[in-house]
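1. Model the structure of this input:
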Amino acid sequence: MVSKPDWQPYRNQQHQAGPVDRMQSLWMLFASFVFAIMGVCVKLASDTCSTSEIVLFRGLVGVLLIAAMVRLQGGTLRTTLPWHHAWRGSVGVTALWLWFFSIGQLPLATAMTLNYMAPIWIAAIVFALGWWHGQRRFEWGLAAAIVTSFVGVALLLKPSMHAEQWLGGLVALISGVLSALAYIQVKKLGQLGEPEYRVVFYFSASGVIAGLLSGLAGSVIATGAPHILHALSTREFILLLAIGLTATVAQIAMTRAYRLGAMLVTANLQYTGIVFSSIWGMLIWGDHPGLSGWMGIAIILASGMAATFYNVRNTTISTSSRNRSSSNSAFREK
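-> Sure thing, here's the model as predicted:
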């Protein structure tokens, strides 16, 4: 699970995006590739490292790198929205912890696909709340995309999961739901004027705190003595360091893609991470989803793209309506 940039500043991009914007969107292709490498490192590290240790290193490297970048560029980490960051951090880190756990339990492509359902959950949450409050009409296309995505989940999990892997599948699904809630909070922070680097920094800091606390609690339960890390081998240290570096590099590339690229193109390119993860899974672990598994991945990918389209379209329409209302009000005042 990863933190996404706020979409608020780029809502009207789809009507004016040109070739240069679409080329900038290719940064998301690079980000997805690096995130897939991070997933490989997480799965390899999970053989001997606890999820708490992985979360701790993922956050620690991010904190150090972002703090150094802010210092060099003259920014500030001071915030006036501590409780918003606390909520975003608690939900986001819980989603991250569950996602890393599921990667250790499931084939890589399966765990990545279930986590990448977050945009579908976002569409479902926003659509349900809007329809319930009478602010949005019922959209059969969006509803069909959401329902179809769960058909894809059934096809993906049935052939690729052994009986003992059901817990990992459930955890991955819950991770996707919590990721959706975290992304909605990121969007809200952006609307309140919080810069992206500060959002990512406090999310990484939350990961450090969560990794420390869960690691201490786990060690006390397991051994009766508190400790944070076990004696890491050179291989384990390199893997944990690689997780932090790849997560941070991918985050920066994704931020650039959302900031400079065409939003709809950028959002859909994130699903190439499923393809990259599938390839890595076949090359390293010999994971072959089979025909039903590939059909499930394709259905989830198509449903996610459809949900993204509806999200962007509805956001653009909503923004245009507000702009027209503001213009009419200003005209009447004159």
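2. any idea which element Met254 lies in?
-> Using DSSP states H and E, Met254 sits in helix 234-260.
3. Oops, could you answer that again for Ser90 instead?
-> Here Ser90 is assigned to helix 82-105, by DSSP H and E.
4. Please look at Met69 and Tyr197 and confirm they touch.
-> Yes - if you go by Cβ atoms under 8 Å, Met69 and Tyr197 touch, sitting 7.1 Å apart. No exception for glycine: its C-beta is placed from N, CA and C like everyone else's.
5. Of those two, which one has the most company?
-> The neighbour count for Met69 versus Tyr197, taken as other Cβ atoms under 10 Å, is higher for Tyr197 (18 against 14).
6. Please report how far the more buried one lies from Ile274.
-> 27 Å (Cβ to Cβ, to the nearest Å).
7. Equivalent analysis for Ala302, please.
-> 11 Å.
8. With neighbour numbers in mind, choose between those two.
-> Ile274 (23 against 15).
9. Pretty sure the more buried one sits against Leu301.
-> Yes - Ile274 is in contact with Leu301 according to Cβ under 8 Å; the separation is 6.1 Å.
10. which sections of the stretch 151-300 of the chain are below the confidence cut-off?
-> Applying pLDDT under 70 to the stretch 151-300 of the chain flags residues 157-164, 259, 261-267.
11. Please enumerate the helices of it.
-> Using DSSP state H, counting those that start in this stretch, the helices found in the stretch 151-300 of the chain span residues 166-191, 196-223, 234-260, 263-269, 272-285, 290-333.
12. quick one: the third one to chain centroid distance?
-> Taking Cα atoms, centre = their mean, to the nearest Å, one finds helix 234-260 lying 13 Å from the centre of the chain it belongs to.
13. May I see the buried residues of it?
-> By 16 or more other Cβ atoms under 10 Å, the buried positions in helix 234-260 come out as 236, 239-240, 242-258, 260.
14. Residues that sit against both of Ile274 and Leu301, list them.
-> Common neighbours of Ile274 and Leu301, counting by Cβ atoms under 8 Å, 6 or more residues apart in numbering, are absent.
15. by contact count, what packs against the helix holding Ser90?
-> helix 26-45, helix 51-73, helix 108-115, helix 166-191, helix 196-223 (3 or more Cβ pairs under 8 Å, 6 or more residues apart in numbering; DSSP states H and E).
16. Show me what counts as buried in it.
-> 84-85, 87-105.
17. coming back round to it: the helices and strands packed on helix 82-105 into CSV, with extra columns for distance to His230?
-> As requested, the helices and strands packed on helix 82-105 are exported to CSV (distance: least, Cβ to Cβ, whole Å):
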stretch, distance to His230
helix 26-45, 12
helix 51-73, 8
helix 108-115, 24
helix 166-191, 23
helix 196-223, 8
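18. Pretty sure Pro289 sits against Leu108.
-> No - the pair Pro289 / Leu108 is not scored as a contact, 10.7 Å apart, by Cβ under 8 Å.
19. residues shared between the contacts of those two?
-> Ser278.
20. burial count for His230?
-> For His230, using other Cβ under 10 Å, the count is 14.
21. what does Thr223 give?
-> 10.
22. angle of the one helix or strand Val147 maps to against helix 108-115?
-> Secondary structure from DSSP H and E places Val147 in helix 140-160. Counting by axes from the mean of the first three to the mean of the last three Cα atoms, to 10 degrees, helix 140-160 points 150 degrees away from the direction of helix 108-115.
23. helices and strands around helix 140-160, which ones?
-> helix 108-115, helix 118-132, helix 290-333.
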